[in-house]
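Engineer: sequence first, predicted model second:
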There are 2 protein chains.
Amino acid sequence: MATTTLPPSEVQAILDRGGSALRARMLATEQRLREVVGEASGPIAPHASSIIAAGGKRLRPLLVLLAGRCGEPEGPIDAENEQALIRAAVAVELVHSATLVHDDVLDAAPLRRGRATVVASGGRGLATAAGDLLFARAFGELVRNGSPTQLQILSDASSALAVGELRQREDAYDVDVTLDRYLHRCELKTARLFEAAARLGVLAIAAGQQDALADALGAYAGQIGLAFQLLDDILDVGGDPDRTGKRRGGDLLDGTITLPLILARERDSSLAELDVRGLSDREAEAVCERIATTGALDAARGRAVAILAQAKRQLPASLSPSARELLELMADAVLERYR
Amino acid sequence: MATTTLPPSEVQAILDRGGSALRARMLATEQRLREVVGEASGPIAPHASSIIAAGGKRLRPLLVLLAGRCGEPEGPIDAENEQALIRAAVAVELVHSATLVHDDVLDAAPLRRGRATVVASGGRGLATAAGDLLFARAFGELVRNGSPTQLQILSDASSALAVGELRQREDAYDVDVTLDRYLHRCELKTARLFEAAARLGVLAIAAGQQDALADALGAYAGQIGLAFQLLDDILDVGGDPDRTGKRRGGDLLDGTITLPLILARERDSSLAELDVRGLSDREAEAVCERIATTGALDAARGRAVAILAQAKRQLPASLSPSARELLELMADAVLERYR
């Protein structure tokens, strides 16, 4: 369980390859994030460090910055454009943090990434208001870019996140949920904000019309996000608790039916008749074992790997070799954690 | 306890005096609100009617529309400007609704305005996500006006709401809270969104630069909002439960120290030494009685009345007589409920 805010090695590798400009932007993003969350003062200052740490790997801001690098005009960058890119990265991470703070309220989660959650240290009321504040500040940050298009992208992604969360609750304990419905939920819950990150990166810094690039990188990032969610769901069933810091079967205990069970129930029909209500921790772990036995975890992982490969293949031909390399590394980083 | 979405009589009076254009706009606002909340379909459809009813009197959208009427250019209005005004009214009400849905989660409130709350009918998880969705949709609605300035106003007001909520929790059970701190909390929690409503109304429909009018009506609306919050706090201590549908002393039970107690503790020093932790319902009612006995309720009401009178006096001289009349009626409507 990581208790540091240093980026994990696979993200660090991207920063190392990205050159000093990328590293400086990531640092500026981190610094601004701390300011906006009010690390020094402000009503959520006592909880700032757990909020800042909660986001973890900073995959979404990194996507903003990488996409920005692809859309960057030749020659020296205007300081205002430079700031616009940072603001987009910050706004995306703030939306992500807001949802994490609210998720922890619902789960009454004591820890996230080894730190006390906001709800654990400040209570439900404080954590709900803190999430709302992060959300409002995300829009407050992005609004300074002066672009209704960018705000539209962020509000659409934020709506999608909430709808995804609602769908998940709607489908809870439904062991028959279709694969399509599951994938659509992952789109809403995860892929859309990844997609928004890449779009915002291009639009925040682009000199001229870069809609085609924003579309292409948005599609790439959406696939990365989808694969990320699939892998996360696989990890919940098949991960090593010593590495993940989470016990297996947490999703099952919440009634959340994910890809491994969806694939496993076709292989072991007794799983299709499972009742996942009221499982004990032990029973949930036993179900995880049964799912693993069917080979569904490998099948699910294969699907995520295929999505990532597809994302790489579809990167636009116009990218510079170094931009392409970084985006490919990003896809690898998503997979890395699951090797 | 009202179980209908019909406007209460004092708001109806404003609509009646406002002419057919105002009524048509209020109707369009109501209709669009239902669409956005997804009355017909969508993930929160089953809860749409309680969300729509929760806002109650529609004071905030009414302020948007009244301010819009003041800023309205001569002659026929462009359909796009007309829509922009409605969108601003809808966005403001959506932010208000989002906070109500989240407030009910915290209080685990079974009823609001005589209807089951979202948290009561759908659970905490659903209600938290539903609030987030309303919030995201508020921005999604306003973004269509294409104005970063308007979005800045909404995000600032939304931040203020959350900070006000956080302050309230910070100050909970502090019987010594200063008057200034209390008033500042009311500003954040209530006045800022009222102010934003008036500003947005002017800016959404104004043909040219109307910044001075937006400032003036914003200041007026902020005072209305402040008085509204003061009166709400007075009602909590001194209201007739048969009329308000709420038992007395609810704020005290939450540890929320408001104007009546702040004024009363200067008149009865034993109240200054009160410990409001762990009060029973009966004890809270008894404290309400003690507060009332000091005459603090009348003093508090006097303060709210003075703020409303001041708001009216400061209305800009340039307003048409009919616009002025409607805004004055609005101030009266806020007071009406407390007579």
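Structural biologist: Noted; the coordinates are in hand. Residues are numbered from 1 along each chain as shown, chains lettered A, B, ... in the order given.
Engineer: list the buried ones in stretch A:145-164?
Structural biologist: Judged by neighbour count (16 or more other Cβ atoms under 10 Å in any protein chain shown), stretch A:145-164 contains these buried residues: A:145, A:147-148, A:150-164. From N, CA and C alone the C-beta is placed, and that goes for glycine too.
Engineer: who in the stretch 101-250 of chain A is up against chain B?
Structural biologist: In this structure, the stretch 101-250 of chain A approaches chain B at residues A:102, A:105-106, A:123-126, A:128-133, A:135-137, A:139-140, A:143-148, A:151-152, A:154-156, A:158-159, A:161-163, A:165-167, A:169-170, judged by Cβ under 8 Å from any Cβ of the partner chain.
Engineer: picking that back up, narrow the buried residues of stretch A:145-164 to those in helices?
Structural biologist: A:148, A:150-164 (DSSP state H).
Engineer: now, which of those residues sits nearest residue A:24?
Structural biologist: The shortest approach to residue A:24 among those belongs to residue A:150, at 21.9 Å (Cβ to Cβ).
Engineer: quick one: contacts for that closest one?
Structural biologist: Shown in contact with residue A:150 (Cβ atoms under 8 Å, 6 or more residues apart in numbering or on different chains): A:88, A:142, A:200, A:203, A:204.
Engineer: show me which pair in these is furthest apart.
Structural biologist: Based on Cβ to Cβ, the longest span within these runs between A:142 and A:203 and measures 10.7 Å.
Engineer: between the two, which one's more packed in?
Structural biologist: For the pair residue A:142 and residue A:203, the greater number of neighbours falls to residue A:142 (29 against 25), based on other Cβ atoms under 10 Å in any protein chain shown.
Engineer: could you list every residue that touches that one?
Structural biologist: Applying Cβ under 8 Å, 6+ apart, we find residue A:142 in contact with A:87, A:88, A:91, A:150, A:151, A:154, A:200.
Engineer: for the residues you listed, give me JSON lines that also has pLDDT.
Structural biologist: Formatted as JSON lines, the contacts of residue A:142 follow (pLDDT from 0 to 100):
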{"residue": "A:87", "pLDDT": "98"}
{"residue": "A:88", "pLDDT": "98"}
{"residue": "A:91", "pLDDT": "98"}
{"residue": "A:150", "pLDDT": "96"}
{"residue": "A:151", "pLDDT": "95"}
{"residue": "A:154", "pLDDT": "97"}
{"residue": "A:200", "pLDDT": "98"}
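Engineer: per-residue pLDDT, residue A:193?
Structural biologist: With respect to pLDDT, residue A:193 has a value of 98.
Engineer: do I have it right that it meets residue A:61?
Structural biologist: No: with contact defined as Cβ atoms under 8 Å, residue A:193 does not count as touching residue A:61 (11.2 Å).
Engineer: where in chain A is pLDDT low?
Structural biologist: Counting by pLDDT under 70, chain A shows low-confidence ranges at A:1-8, A:39-40, A:55, A:207-208, A:338-339.
Engineer: buried residues in stretch A:189-201?
Structural biologist: If you call a residue buried by 16+ other Cβ under 10 Å, then stretch A:189-201 has these buried ones: A:189-201.
Engineer: how far off centre is that stretch?
Structural biologist: The gap between the average C-alpha position of stretch A:189-201 and the chain average comes to 9 Å, counting by Cα atoms, centre = their mean, to the nearest Å.
Engineer: hey, what's in contact with both of residue A:142 and residue A:203?
Structural biologist: A:88, A:150.
Engineer: neighbours of residue A:184, how many?
Structural biologist: Neighbouring residues of residue A:184 were enumerated by other Cβ under 10 Å; the total is 15.
Engineer: centre of the chain to the strand or helix carrying it, how far?
Structural biologist: Assignment of secondary structure by DSSP states H and E places residue A:184 within helix A:179-186. For helix A:179-186, the distance from its own C-alpha centre to the chain's C-alpha centre is 16 Å (Cα atoms, centre = their mean).
Engineer: after that helix, which helix or strand is next?
Structural biologist: Once the chain leaves helix A:179-186, the following helix or strand, as judged by DSSP H and E, is helix A:192-205.
Engineer: which other helices and strands contact the helix or strand that that following helix is followed by?
Structural biologist: Per DSSP H and E, helix A:192-205 leads on to helix A:211-238 as the next helix or strand towards the C-terminus. Packed against helix A:211-238 by the contact rule (3 or more Cβ pairs under 8 Å, 6 or more residues apart in numbering or on different chains; DSSP states H and E) you find helix A:59-71, helix A:179-186, helix A:192-205, helix A:250-254, helix A:259-267, helix A:281-293, helix A:296-313, helix A:321-336.
Engineer: deepest-packed of the ones you listed, please.
Structural biologist: Of all the helices and strands packed on helix A:211-238, helix A:192-205 has the most neighbours on average by mean count of other Cβ atoms under 10 Å in any protein chain shown, namely a mean of 29.
Engineer: just the C-alphas of that one, formatted as PDB.
Structural biologist: Below are the C-alpha coordinates for helix A:192-205, written out as PDB (Å, rounded to 0.1, in the frame of the first residue of the first chain):
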ATOM      1  CA  ARG A 192     -15.400   9.200 -20.200                       C
ATOM      2  CA  LEU A 193     -13.200  11.100 -17.800                       C
ATOM      3  CA  PHE A 194     -10.000   9.600 -19.400                       C
ATOM      4  CA  GLU A 195     -11.400  10.700 -22.800                       C
ATOM      5  CA  ALA A 196     -12.200  14.200 -21.500                       C
ATOM      6  CA  ALA A 197      -8.600  14.400 -20.100                       C
ATOM      7  CA  ALA A 198      -7.100  13.900 -23.500                       C
ATOM      8  CA  ARG A 199      -9.500  16.200 -25.300                       C
ATOM      9  CA  LEU A 200      -9.000  18.900 -22.800                       C
ATOM     10  CA  GLY A 201      -5.200  18.600 -23.100                       C
ATOM     11  CA  VAL A 202      -5.400  19.100 -26.900                       C
ATOM     12  CA  LEU A 203      -7.900  22.000 -26.700                       C
ATOM     13  CA  ALA A 204      -6.200  23.800 -23.800                       C
ATOM     14  CA  ILE A 205      -2.900  24.300 -25.600                       C
END
